[in-house]
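J.: This is the structure alone, sequence omitted:
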């Protein structure tokens, strides 16, 4: 019997991600905009989204935070920032970038949905 090895280079389509997570494709596109500092699928030359296994994990985390913990989009970003900090950069999570292109934790607080604007 032959073993199947899944590598980190495996790329999944938006349809495959939708089927694996139960999240609609339109919702995935919306989350890509709402959580852009954490969820940025690669694009092919024809501009199709390609998701990694790390992206799949992030989507599952976002879904859990929204559905089970009942967080708002702002709360999800704050929680993802905590996860990022707790794991020292976390596997596959990107730190948000500031206006100067450098990554900083304070950038998250300056983003959309902040309670005081």
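T.: Happy to help now that I have it. The shown structure was predicted, so the numbers you read here are calculated from the model rather than taken from an experiment.

J.: Tell me how many other residues crowd the closest residue in space to residue 32 that isn't next to it in sequence.
T.: Distance criterion C-beta to C-beta, 6 or more residues apart in numbering; nearest residue to residue 32, sequence neighbours excluded, is residue 39 at 5.5 Å. All C-beta spots, glycine's among them, are computed from the backbone N, C-alpha and C. Residue 39 has 22 neighbouring residues, counting by other C-beta atoms under 10 Å.

J.: Next: residue 71.
T.: Neighbourhood size, residue 71 [other C-beta under 10 Å]: 17.

J.: same deal with residue 37?
T.: 19.

J.: which residues of this structure fall in helices?
T.: Using DSSP state H, the helices of the chain run over residues 14-21, 25-34, 53-67, 73-86, 106-110.

J.: any idea of the mean pLDDT for the third one?
T.: It stands for helix 53-67. For helix 53-67, the mean per-residue pLDDT is 95.

J.: and what of stretch 28-43?
T.: Stretch 28-43 shows a mean pLDDT of 95.

J.: List the buried residues of it.
T.: 28, 31-32, 34-35, 37-39, 41 (16 or more other C-beta atoms under 10 Å).

J.: number of nearby residues for the nearest residue to residue 12 once chain neighbours are set aside?
T.: For residue 12, ignoring the flanking residues on the chain, the nearest one in space by C-beta to C-beta, 6+ apart is residue 51 at 4.6 Å. With neighbours defined by other C-beta under 10 Å, the count for residue 51 comes to 23.

J.: tell me the contacts of residue 51?
T.: Neighbouring residues of residue 51 by C-beta atoms under 8 Å, 6 or more residues apart in numbering: 11-14, 16-17, 41-42, 59.
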